[in-house]
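K.L.:
I'll drop the sequence and a predicted model, then ask my questions.
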Amino acid sequence: MSRTSRRISGLLAFSLSLVSRPAFAEAPDPQKLLESALNPPDVAFRGRMMVTHWFGKQTSAEEVEVYHSPPNLNRREFLSPDGAVQRVVVSDGDVEEIRLVRRQRVVSGDAVKSYEKIMKPERELELLLKNYELSVATRTDEVAGRQAWILELKPKVAGKPWQRLWVDREHGLILENKRFLPKRHYAELSRYSRVELSKNLDPRLFELKLASASTAGAGSGLEPDFMTLEELSKATGKMVSFPTELPSGFSFESADYFSVGEQTVLHARYTDGLAVLSLFQTDKPVRLPKGGTATVAPPSTARPSIRLAAIGKVLNWKRGRQYFTLMGDVSVELLQSVSAQLK
């Protein structure tokens, strides 16, 4: 399986969302609270998080034990229902490893933080502020025993997910992150049940196992691919038919490609600053997942991300001799509206 298809399948769907920012004694300006939420972590902590996804009749949940030591050391232990560790993700900012516990195997590659994205953080923030209305609730809420501000991101276009962040009042930690479509049975939630600030995390927690005999080695498929459309065309030798903009406020973010059998699949990502759409181009038709849905994961970022992985809808069509597939965690109506202007 290629590195891109692994990301889309959701292997790396969980992204660290507990980060340290300046505290606010009074209800802060929404944009300042958002900008502070995107700053790199500067406090060591250990926490237990529950990550839950609802999509129609499908519901899944997973507990994650999270460790962080500034500036870039991270460890995430994904737990089975009985509490046993199923896989461990460790990163030092340059190298990231996924340890598959039962298979006794380690897959490693370059960490996303060691790459520079095509879209600059300033542009991404500009798009978010253009496409979403930000507000901070006058009341506070309690998460993991801590008081938190509630920051809401309301889309200006119907059919996009709403997002709410619960930000710790004292230390500026994101304690809860909820994404949902109003009046639809779709939502994603990452919520800490326990948070422990610590100055003495065992450094062995963040040790990489590159010397292990079971290690697949760097370059085994976890490296991010952030290409321009011109680079994509040159790398594949194919005519690229992707636009630089999509309707409803989506702009081209990055591109990559991967192989399925003998077929090369071209992939372009678009963002409105928060939501992500993926557009695929192939020379042959592709088979949709059962029910027209698929698990998708937004690309990781060089900064802490407020994005969540998603189960999204999928549409496909043919134009000329090429086949296209569009997928994202927006409403079916919005996906159809976007695709109608691409056919």
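P.N.:
Received the coordinates, thanks. Numbers count the residues shown, from 1 in each chain.
K.L.:
Now do the same contact list for V136.
P.N.:
A27, P28, D29, P30, L33, W149, I150, L151, E152 (CB atoms under 8 Å, 6 or more residues apart in numbering). (C-beta placed from N, C-alpha, C; glycine too.)
K.L.:
Who are the contact partners of Q336?
P.N.:
When the contact criterion is CB under 8 Å, 6+ apart, the partners of Q336 are L315.
K.L.:
Surely it is within a helix?
P.N.:
Yes: with DSSP: H, G, I helix; E, B strand; the rest coil as the criterion, Q336 is part of a helix.
K.L.:
after the longest helix along the chain comes which helix or strand?
P.N.:
Assignment by DSSP state H gives helix 121-131 as the longest helix of the chain. Using DSSP states H and E, the next helix or strand after helix 121-131 towards the C-terminus is strand 132-136.
K.L.:
got the contact list for the next helix or strand after that following strand?
P.N.:
Per DSSP H and E, the first helix or strand lying C-terminal to strand 132-136 is strand 141-143. The contact list for strand 141-143, computed with CB under 8 Å, 6+ apart, reads Q147, A148, I150, W166, D168, L175, E176, R191, Y192.
K.L.:
Identify those among the contacts of V136 that sit within helices.
P.N.:
Short answer: these in helices (DSSP H) are P30, L33.
K.L.:
Tell me how many other residues surround the closest residue to P182 other than its chain neighbours.
P.N.:
Nearest-residue entry for P182: W162, 6.5 Å, with adjacent residues in sequence omitted and distances by CB to CB, 6 or more residues apart in numbering. Neighbours of W162 under the rule other CB atoms under 10 Å: 16.
K.L.:
wait, what's in contact with W162?
P.N.:
Going by CB under 8 Å, 6+ apart, W162 touches E152, L153, K154, P155, R179, F180, L181, P182.
K.L.:
which of those residues count as buried?
P.N.:
For these, a burial check counting by 16 or more other CB atoms under 10 Å picks out E152, L153, P155, R179, F180, L181.
K.L.:
Buried residues, stretch 169-176. List them.
P.N.:
Residues R169, H171, G172, L173, I174, L175, E176 are the ones in stretch 169-176 that count as buried (16+ other CB under 10 Å).
K.L.:
quick one: terminal-to-terminal distance for it?
P.N.:
Distance between the two ends of stretch 169-176: 13 Å, counting by CA to CA, to the nearest Å.
K.L.:
before we move on, back to that, so which of the contacts of strand 141-143 sit within strands?
P.N.:
Taking DSSP state E as the definition of strands, the contacts of strand 141-143 contribute Q147, A148, I150, W166, D168, L175, E176, R191, Y192.
K.L.:
wouldn't the third one be in contact with W166 here?
P.N.:
Yes: because the distance of 5.8 Å satisfies CB atoms under 8 Å, I150 is recorded as touching W166.
K.L.:
neighbour-wise, which of the two wins?
P.N.:
Between I150 and W166, W166 has the larger neighbour count (other CB under 10 Å), namely 25 against 20.
K.L.:
Which secondary structure elements does the longest helix of the chain sit against?
P.N.:
The contact analysis (3 or more CB pairs under 8 Å, 6 or more residues apart in numbering; DSSP states H and E) places helix 121-131 against helix 30-37, strand 250-260.
K.L.:
Tell me which of those sits most buried.
P.N.:
Comparing the helices and strands packed on helix 121-131 by mean neighbour count (mean count of other CB atoms under 10 Å), strand 250-260 comes out on top with a mean of 20.
K.L.:
Walk me through the domains of this structure.
P.N.:
3-206, 229-340 (automatic domain parsing).
K.L.:
Could you save those domains as JSON lines and add columns showing mean pLDDT?
P.N.:
What follows is the domains of the chain, written out as JSON lines (pLDDT from 0 to 100):
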{"stretch": "domain 3-206", "mean pLDDT": "83"}
{"stretch": "domain 229-340", "mean pLDDT": "80"}
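K.L.:
other SSEs contacting the helix or strand containing K154?
P.N.:
According to DSSP H and E, K154 maps onto strand 146-155. In terms of contacts (3+ CB pairs under 8 Å, 6+ apart), strand 146-155 is packed against helix 30-37, strand 132-136, strand 141-143, strand 162-168, strand 174-180.
K.L.:
hey, C-alpha coordinates of that strand in PDB?
P.N.:
Presented in PDB, the C-alpha positions along strand 146-155 are these (Å, rounded to 0.1, in the frame of the first residue of the first chain):
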ATOM      1  CA  ARG A 146     -10.300  22.200  34.200                       C
ATOM      2  CA  GLN A 147     -12.200  25.400  33.200                       C
ATOM      3  CA  ALA A 148     -12.100  26.100  29.500                       C
ATOM      4  CA  TRP A 149     -13.100  28.800  27.000                       C
ATOM      5  CA  ILE A 150     -15.400  27.600  24.200                       C
ATOM      6  CA  LEU A 151     -14.200  28.800  20.800                       C
ATOM      7  CA  GLU A 152     -16.700  28.200  17.900                       C
ATOM      8  CA  LEU A 153     -15.800  28.100  14.200                       C
ATOM      9  CA  LYS A 154     -19.000  28.500  12.200                       C
ATOM     10  CA  PRO A 155     -18.800  28.000   8.400                       C
END
